[in-house]
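In: need a 3D model of the sequence below.
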Amino acid sequence: MVTFDPLVAATPAAVWEDPLLWASVPSRTREWLAGFTRIVVFSAHPDDETLGVGGLLVLAGELGIDVSVIVATSERDERLVELTAALSRLGSTTDLTVLGLTDGALKNEASLLRDGVDLALASRRGDTTLVLAPWPGDRHGDHRTLGREVAAACAVHGDRLLLYPIWLWQWGSPEDLPWGRASEVELTASARERKRAALSAFTSQLHTAANPDGVLTREFVERAVHGREVLFEPEESAIGDHFEALHRVSADPWAVRTRWYERRKRELTCAVLPKERYARGFEIGCSNGEMSALLAARCETLLSVDGAPTAVALATERTRAAANVTVKRMHVPEEWPDGSFDLVVVSEVAYYLAPDQWAVAIDRILGSLADGGQVVLCHWTGHADDFAQSGWDAHAAFANRSGLRVLVQHHDEDFLLEVFG
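Out: Numbers count the residues shown, from 1 in each chain. Model (predicted):
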């Protein structure tokens with residue numbers, strides 16, 4: 001479910017609280033909050049809202065703002081009892097809705113989640129409504145999925161949305177925070193104390209000697225109470241936050257430059273291409289440009305795209321010597337290039353797309369495929385927290401929806417490589 005140890009903070013609280021870090025971060029004041037008449041808070045699990053924006057909800061209650069809390073998952077009645085107690089202690093007038101989806105598996109229930117998000121917003125939407133949701137850049141699959149779906153729904157209707165981090169303070173460092181989109185909520189001492197009281201209601205989640213399975217350590221709770229409540233403006237594509245954070249931390253987040261497995265897989269991908277040369281290639285999800293550099297030698301022109309700005313910069317630098325390569329920032333499948341291509345390469349990308357998003361991407365690939373064109377799919381067949389589907393499922397969906405013939409198939413121990421045409 002998570003890709004970090006929730007019991008261990010990677011960065012001490014004192015480092016996070018360095019005043020120099022926050023000197024230019026704008027504040028969200030009580031007066032700003034008073035401009036809203038309703039707040040809709042989405043949380044993946046009971047306690048997310050209290051950890052992330054509990055102090056803000058105290059202020060909302062003091063201002064008489066109606067608050068709706070939409071919880072995506074809860075498989076235990078005990079946690080809903082705890083949540084009800086916590087919200088009462090925050091003192092806000094709260095309308096609670098539980099979608100009843102599976103904890104740890106929101107990525108597999110994206111369609112149901114999307115319906116629940118749309119319904120919740122449709123009945124609460126207004127010019128003075130503020131929507132809050134988990135930051136998709138947090139390294140938790142459920143937070144990422146929920147944040148992405150809420151951001152997509154809000155973008156369609158122009159809803160005012162801000163995103164809140166929860167686990168960033170455990171896994172991250174100041175370099176991981178998107179400072180240019182950050183703001184801080186001004187909290188009073190009384191709001192912090194009410195937040196402390198609310199968090200104490202989540203006894204099943206508190207990590208103690210009597211409850212070693214709890215994930216909220218005393219230090220983490222103290223940071224939630226005394227630390228800053230931070231809100232982020234959404235990125236154009238919320239899911240881009242996740243990949244942008246990965247590429248900021250490392251110029252090679254999957255070690256594709258150094259691991260033999262990755263280098264061999266790239267060489268195999270190019271080796272199985274049926275044609276020696278292609279007129280116009282399109283690579284979806286280029287990351288740092290290692291595959292792009294190889295494809296450049298097989299294409300007259302190559303367009304490589306990625307949604308993360310840092311990845312685009314890395315790929316641009318990697319292919320600087322190849323005049324036939326253009327690297328652009330593009331969020332697929334929402335955005336798509338003009339023209340047709342006789343080679344489309346989708347390598348280690350499709351499993352990040354929910355099945356309905358992948359279906360749209362498949363249709364767009366087919367719509368831009370030139371006569372006699374070929375499509376290459378290559379994906380790891382294992383499982384990871386941030387996958388929306390398996391590599392196997394992505395390949396099967398493409399075969400079924402496209403109706404194209406399999407020209408080449410290579411099934412390695414860890415990945416599946418296919419060429420369709």
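In: unless I'm mixing things up, A85 is touching A201, no?
Out: Yes - with contacts counted by CB atoms under 8 Å, A85 reaches A201, the gap being 4.1 Å. Yep, even glycine has a C-beta here, placed from its N, CA and C like the rest.
In: settle it for me: which of the two has more neighbours?
Out: The neighbour count for A85 versus A201, taken as other CB atoms under 10 Å, is higher for A201 (22 against 15).
In: which residues are in contact with the more buried one?
Out: E82, L83, A85, A86, R89 (CB atoms under 8 Å, 6 or more residues apart in numbering).
In: can you confirm the third one is in a helix?
Out: If I follow you right, that is A85. Yes - counting by DSSP: H, G, I helix; E, B strand; the rest coil, A85 is found in a helix.
In: pipe the contacts of A201 into TSV and attach distance to A197 and pLDDT per row.
Out: Output for the contacts of A201, formatted as TSV (distance: CB to CB, whole Å; pLDDT from 0 to 100):
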residue	distance to A197	pLDDT
E82	13	96
L83	14	95
A85	10	96
A86	8	96
R89	5	96
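In: quick one, helices of the stretch 151-300 of the chain?
Out: Per DSSP state H, counting those that start in this stretch, the stretch 151-300 of the chain carries helices over the ranges 168-171, 189-199, 218-226, 238-249, 260-271, 290-295.
In: as TSV, those helices with distance to G137 would be great.
Out: Below are those laid out as TSV (distance: least, CB to CB, whole Å):
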stretch	distance to G137
helix 168-171	7
helix 189-199	23
helix 218-226	18
helix 238-249	4
helix 260-271	24
helix 290-295	24
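In: now for those helices, which one comes closest to T94?
Out: Among the helices of the stretch 151-300 of the chain, the nearest to T94 by CB to CB is helix 189-199 (11.3 Å).
In: what's that closest one packed up against?
Out: Here helix 189-199 touches helix 48-62, helix 77-90, helix 218-226, going by 3 or more CB pairs under 8 Å, 6 or more residues apart in numbering; DSSP states H and E.
In: closest one to R160 among these?
Out: helix 48-62 (14.0 Å).
In: show me where the stretch 201-350 of the chain has its strands.
Out: Under the criterion DSSP state E, counting those that start in this stretch, the stretch 201-350 of the chain contains strands at 230-232, 278-284, 299-306, 325-329, 341-347.
In: for the record, mean pLDDT for stretch 259-269?
Out: Average pLDDT, stretch 259-269: 95.
In: so for it, what gets flagged as buried?
Out: Residues E262, K265, R266, T269 are the ones in stretch 259-269 that count as buried (16 or more other CB atoms under 10 Å).
In: cool, and stretch 184-202?
Out: Here stretch 184-202 shows 185-187, 191-192, 194-199, 201-202 as buried, counting by 16+ other CB under 10 Å.
In: can I get those in JSON lines including distance to E229?
Out: Listed next are the buried residues of stretch 184-202 as JSON lines, based on distance: CB to CB, whole Å:
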{"residue": "V185", "distance to E229": "4"}
{"residue": "E186", "distance to E229": "9"}
{"residue": "L187", "distance to E229": "6"}
{"residue": "A191", "distance to E229": "9"}
{"residue": "R192", "distance to E229": "9"}
{"residue": "R194", "distance to E229": "13"}
{"residue": "K195", "distance to E229": "9"}
{"residue": "R196", "distance to E229": "13"}
{"residue": "A197", "distance to E229": "16"}
{"residue": "A198", "distance to E229": "13"}
{"residue": "L199", "distance to E229": "13"}
{"residue": "A201", "distance to E229": "18"}
{"residue": "F202", "distance to E229": "17"}
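In: what residues are up against A153?
Out: By CB under 8 Å, 6+ apart, the residues touching A153 are R114, V117, D118, L121, D159.
In: list only buried entries from these.
Out: Among the contacts of A153, those scoring as buried are R114, V117, L121, D159 (criterion: 16+ other CB under 10 Å).
In: okay, the last one: pLDDT?
Out: Among the per-residue scores, D159 shows a pLDDT of 93.
In: which one is it nearest to, not counting chain neighbours?
Out: Spatial nearest neighbour of D159, excluding adjacent residues (CB to CB, 6 or more residues apart in numbering): V131 at 5.2 Å.
In: now the one you found, what are its backbone angles?
Out: Listed backbone geometry of V131 is phi -110, psi 130, with angles given as degrees, to the nearest 10.
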